[in-house]
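Asker: what's the 3D shape of this:
(chains A and B)
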2 protein chains.
Amino acid sequence: MNIRLYNAHILTMEKGRNIFRGEVWIKDEKIVYVPDEEELAHEMKGEGLPELHWDKEIDCEGNLLMPGFKNAHTHSAMTLMRSLADDMPLDKWLNEKIFPAEAKLTPEDIYQFVKLAILEYLSSGITSIFDMYLVPEATAMACQEMGMRCVLVSGLNDFTSSIEQTEEEFVKWNQKKSLISYKLGCHAEYTCSRELLIKLSGLAHKYRAPVYMHMSETSKEVRDCVNKYGMTPAVFMDSLGMFDFGGGAYHCVHFTNEDMDVFRRRRLHVITNPGSNAKLASGVAPIKDFLDKKIPVALGTDGAASNNCLDMFREMFLVAGLSNLREMDAASVDAMEILRMATVNGAKAMGLSKADVLAKGKLADIIMIDLQQPNMQPIHNMDKNIVYSGSKSNIKMTIINGKILYKNGEYFVGEKPSDIYKTCEMIARRIFEARE
Amino acid sequence: MNIRLYNAHILTMEKGRNIFRGEVWIKDEKIVYVPDEEELAHEMKGEGLPELHWDKEIDCEGNLLMPGFKNAHTHSAMTLMRSLADDMPLDKWLNEKIFPAEAKLTPEDIYQFVKLAILEYLSSGITSIFDMYLVPEATAMACQEMGMRCVLVSGLNDFTSSIEQTEEEFVKWNQKKSLISYKLGCHAEYTCSRELLIKLSGLAHKYRAPVYMHMSETSKEVRDCVNKYGMTPAVFMDSLGMFDFGGGAYHCVHFTNEDMDVFRRRRLHVITNPGSNAKLASGVAPIKDFLDKKIPVALGTDGAASNNCLDMFREMFLVAGLSNLREMDAASVDAMEILRMATVNGAKAMGLSKADVLAKGKLADIIMIDLQQPNMQPIHNMDKNIVYSGSKSNIKMTIINGKILYKNGEYFVGEKPSDIYKTCEMIARRIFEARE
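Answerer: Residues are numbered from 1 along each chain as shown, chains lettered A, B, ... in the order given. This next block holds a predicted model:
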């Protein structure tokens, strides 16, 4: 399928490159043309490129094309528990509400609620997800069917999974190029025995692979880890050789200088989740410190049970707002830096080096931002409009792997949203029988 | 114009009343039927009501009708300065960017940028605004033409307006029933001389009228006031008799117990602006303390120059998120309480007692929330979905004064949005000539 996107503003997210006007050409799953600096200077529009027959030519009407958002931390199927039990502290919420519900979940349930999440991702311009949850197989199936790019990460822990299962999945999902890939990981220090973690580190060494996990989300978690091991979670994990081949962690709210040193030395990725951290009163991550120390920061929504929505616009504003409050400085993080977190840095954290920017040869994971809405006017600074004033209502089109999956509020995913809602509602009724 | 809205979920926002299914009937600018508890119990659908001829019958398809949002603090025309100068501290931002731009503004400019703001309000379900800005006349004209309900408030200060002008406007805009009304106010303690404030208090006594102003937005403002008058802004204003007939204040971030006592004793309204306070690093307002002390809290976006968008969904989530962080308690404020801030409490603060809830005889300021979008599914708790997961993309329809002004992304305001964008862009170019 060859698609020509013309009459667009383009933000490639290549470092140091400003927004310009031009075209993007897609052939099958790849971008085959975006003018580079030189081509733009000489207006050599696609000269020397093979003449393409267009299956679709889309007039972007001056709207903005940019790389799709990378949701670098989520639990897609937890849409099941959206707004089910808000206003509770994290441990109570997990033990009294989430775990009992999860005990009743079947793979089919997970598959259905991932489909619901994918609809939400598409409507928010999210083109890749970094997903940790039970039964990764079910998540993979929903993503493959609907066309969502997904990096699975094992949520290894003492209760619901094993190291053998993790290795098996790791091998299976990294065999061939597809929308799905798989990273090693565990749920968190506090849900894994030392023995299990040592096995995971062994796997990381066997495959020379990076490892990911929840880390230092609450102050209690850090305190408990220090009491148990005499070390903070980051230092403890590093002492096991867990990060010898890189990786990263979700949340990273309560970080010491030593933790940051581990992250810098091992070139690990921080994946921040400001919406979840605010709503669950976990705290505000030290984003400015990470940036000052050149630790790469990516951005994720966390699951809908804690957030409660899967919306990168909200997360982007929160990075700015919360960081400004924390630093008592209205200029603590730059808008373009936040856009980088939501796109390029996410791709790097997830190992998606082909889906980071808009350039020739990259994967066609592209969104169109509707500038013809009042919240995007006037246009003093497009990037700041997106970060500070943008909303998912500005997502006019979402393209993944060269396929248009969402456009002008309509989904092209092979299934009617209303059918997915109906199925999910039925499952919710079965699981939460007490509900009316 | 008689409009029948049927097949709806209805959240009237009357105290203690749950969401139910039913119909809402509109005759001209008023609601003439919503089933009350008794009618609902007996399914007496509109019995005894005059047979109406319907100009329009709208199938709500199970979506939710509720009172429109009251944006209880805004400066509409500041859309001109959206994303113009972000990432600066409040005083620098005001003195170096905002005031020089405002010096060039004509009434026609203000009129045009208010129109831009109104488009944004409608798309976010905002049906009334509490607007303080230069040339209230220009704001009133744009609101009247486009159908927005607007409570003007004088931004009296030492530089751009006078007490005579304030009184004249107050009398003029409160003469007859219309979409526009007018409240006494001043910009803030730090922009008004003591003499001017005494005159304003005199006006409040003459008309037995409430007074509104910015108050205790930054810690510096409070410190300066204490240094100057030996009192915090709230106590100082009260000492002038400013609040003898009620009123309220915007922001209220840095409040002492004594300030709260003034507010409780005088029954004043706190109008909180979490987005602006976060972005400008001003601080987090003590919402839980206000609620514990039964001080009514309303909600506003502030102007687009500081926020940068006019979106009550973002503000609602921020009330929860920021308050939870401040209190280190994931249950610091209830979702329904936040919905009350965004609707009923706003109406009370603005003196719009006829636009607070959905009930017979009330003004038809109604919004329809689209529940058939992924971020609203599944439906464990509709109110929590709206506050924690909702987005302006869920606004399916906005009705003000019985008129449908926005529906399915289309505006019915007598003018094309694209024409308004074009005019505003031209004005922006004139004012900020240095801009490309």
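
Asker: and the gap between the spatially most central residue of chain A and chain B?
Answerer: Centroid-nearest residue in chain A, with C-alpha atoms, centre = their mean: residue A:71, separated by 1.4 Å. Going from residue A:71 to chain B by C-beta to the nearest C-beta, to the nearest Å gives 14 Å. (Each C-beta comes from the backbone N, C-alpha and C, glycine too.)

Asker: relative to residue A:218, how far out is that residue?
Answerer: 22 Å (C-beta to C-beta, to the nearest Å).

Asker: with residue A:265 instead?
Answerer: According to C-beta to C-beta, residue A:265 stands 25 Å off from residue A:218.

Asker: who's more crowded, the two?
Answerer: Neighbour count, other C-beta atoms under 10 Å in any protein chain shown: between residue A:265 and residue A:218, residue A:218 has more, with 20 against 10.

Asker: number of nearby residues for residue A:433?
Answerer: Applying other C-beta under 10 Å, we find 7 other residues in the vicinity of residue A:433.

Asker: contacts only, for it.
Answerer: Neighbour list for residue A:433: empty [criterion: C-beta atoms under 8 Å, 6 or more residues apart in numbering or on different chains].

Asker: domain-wise, how is chain A divided?
Answerer: A:2-67+A:355-411, A:69-350 (automatic domain parsing).

Asker: ranges for the helices of the stretch 51-200 of chain A?
Answerer: Using DSSP state H, counting those that start in this stretch, the helices found in the stretch 51-200 of chain A span residues A:90-92, A:99-103, A:107-123, A:136-146, A:163-173, A:194-207.

Asker: go through those and pick out the most buried.
Answerer: Sort these by mean neighbour count, taking mean count of other C-beta atoms under 10 Å in any protein chain shown, and helix A:107-123 sits at the top with a mean of 25.

Asker: now do it and helix A:136-146, the angle between them.
Answerer: Relative orientation of helix A:107-123 versus helix A:136-146 (axes from the mean of the first three to the mean of the last three C-alpha atoms, to 10 degrees): 50 degrees.

Asker: which helix or strand contains residue A:258?
Answerer: Per DSSP states H and E, residue A:258 falls inside helix A:257-265.

Asker: sketch out the low-pLDDT regions of the stretch 51-200 of chain A for me.
Answerer: Scanning the stretch 51-200 of chain A for pLDDT under 70 picks out A:90.

Asker: change it to 90
Answerer: Residues of the stretch 51-200 of chain A meeting the criterion pLDDT under 90: A:51-52, A:84-103, A:160-161, A:175-178.

Asker: now the stretch 251-400 of chain A
Answerer: Applying pLDDT under 90 to the stretch 251-400 of chain A flags residues A:306, A:331.

Asker: CA atoms only for the helix holding residue A:258, dumped as CSV, please.
Answerer: In CSV, the C-alpha atoms belonging to helix A:257-265 read as follows (Å, rounded to 0.1, in the frame of the first residue of the first chain):
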residue,chain,number,x,y,z
ASN,A,257,21.7,10.1,44.0
GLU,A,258,23.1,6.6,44.1
ASP,A,259,20.2,5.2,42.2
MET,A,260,20.7,7.9,39.5
ASP,A,261,24.4,6.9,39.4
VAL,A,262,23.4,3.3,38.6
PHE,A,263,21.1,4.5,35.9
ARG,A,264,23.7,6.7,34.4
ARG,A,265,26.5,4.1,34.6
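
Asker: what does the stretch 1-150 of chain A put close to chain B?
Answerer: Within the stretch 1-150 of chain A, the residues that sit near chain B (C-beta under 8 Å from any C-beta of the partner chain) are A:79-84, A:86-90, A:93, A:116-117, A:119-120, A:123.

Asker: does residue A:135 touch residue A:108 like I think?
Answerer: No - judged on C-beta atoms under 8 Å, residue A:135 makes no contact with residue A:108 at a distance of 9.6 Å.

Asker: any idea what residue A:403 is bridged to?
Answerer: Listed beta-bridge partners, residue A:403: residue A:400 (assigned using DSSP bridges).

Asker: that one and residue A:366, how far apart?
Answerer: Residue A:403 is 11 Å from residue A:366, where distance means C-beta to C-beta.

Asker: over to residue A:153?
Answerer: Residue A:153 is 24 Å from residue A:366, where distance means C-beta to C-beta.

Asker: tell me who's in contact with residue A:404.
Answerer: Residue A:404 neighbours (C-beta under 8 Å, 6+ apart): A:3, A:56, A:397-398, A:412.

Asker: which one of the residues you listed has the most neighbours?
Answerer: Neighbour counts for the contacts of residue A:404 were taken using other C-beta under 10 Å; the highest belongs to residue A:398, with 27 neighbours.

Asker: from chain B, how far off is it?
Answerer: From residue A:398 across to chain B, the span is 13 Å (C-beta to the nearest C-beta).

Asker: thought that residue was touching residue A:69?
Answerer: No - Residue A:398 is beyond contact range of residue A:69, at 9.3 Å (criterion: C-beta under 8 Å).

Asker: overlap of the contact sets of these two?
Answerer: Counting by C-beta under 8 Å, 6+ apart, the residues touching both residue A:398 and residue A:69 are A:125-127, A:367.

Asker: which one's more surrounded, residue A:403 and residue A:366?
Answerer: Neighbour tally, residue A:403 and residue A:366, criterion other C-beta under 10 Å: the higher count belongs to residue A:366, 28 against 17.

Asker: bridged to that one, which residues?
Answerer: Bridge pairing for residue A:366 - DSSP bridges - gives residue A:67, residue A:399.

Asker: coming back round to it: show me the two of the contacts of residue A:404 that sit farthest apart.
Answerer: The most widely separated members of the contacts of residue A:404, counting by C-beta to C-beta, are A:56 and A:398 (14.8 Å).

Asker: what about the helices in the stretch 301-436 of chain A?
Answerer: For the stretch 301-436 of chain A, helices defined by DSSP H, counting those that start in this stretch occupy the ranges A:312-327, A:335-340, A:346-350, A:382-384, A:417-431.

Asker: need phi/psi at the closest residue to residue A:127 other than its chain neighbours.
Answerer: Sequence neighbours aside, residue A:68 is the residue nearest to residue A:127 in space, at 2.7 Å (criterion: C-beta to C-beta, 6 or more residues apart in numbering or on different chains). Dihedral pair for residue A:68: phi -60, psi 160, per degrees, to the nearest 10.

Asker: what distance do you get for residue A:68 to residue A:367?
Answerer: The value you get for residue A:68 to residue A:367, if C-beta to C-beta is used, is 5 Å.

Asker: so what sits against both of these two?
Answerer: In terms of C-beta under 8 Å, 6+ apart, residue A:68 and residue A:367 are both contacted by the residues A:125, A:127, A:398-399.

Asker: of the residues you listed, just say which sits nearest to residue A:189.
Answerer: residue A:127 (31.0 Å).

Asker: thought that closest one was touching residue A:367?
Answerer: Yes - counting by C-beta under 8 Å, residue A:127 touches residue A:367, with 6.8 Å between them.
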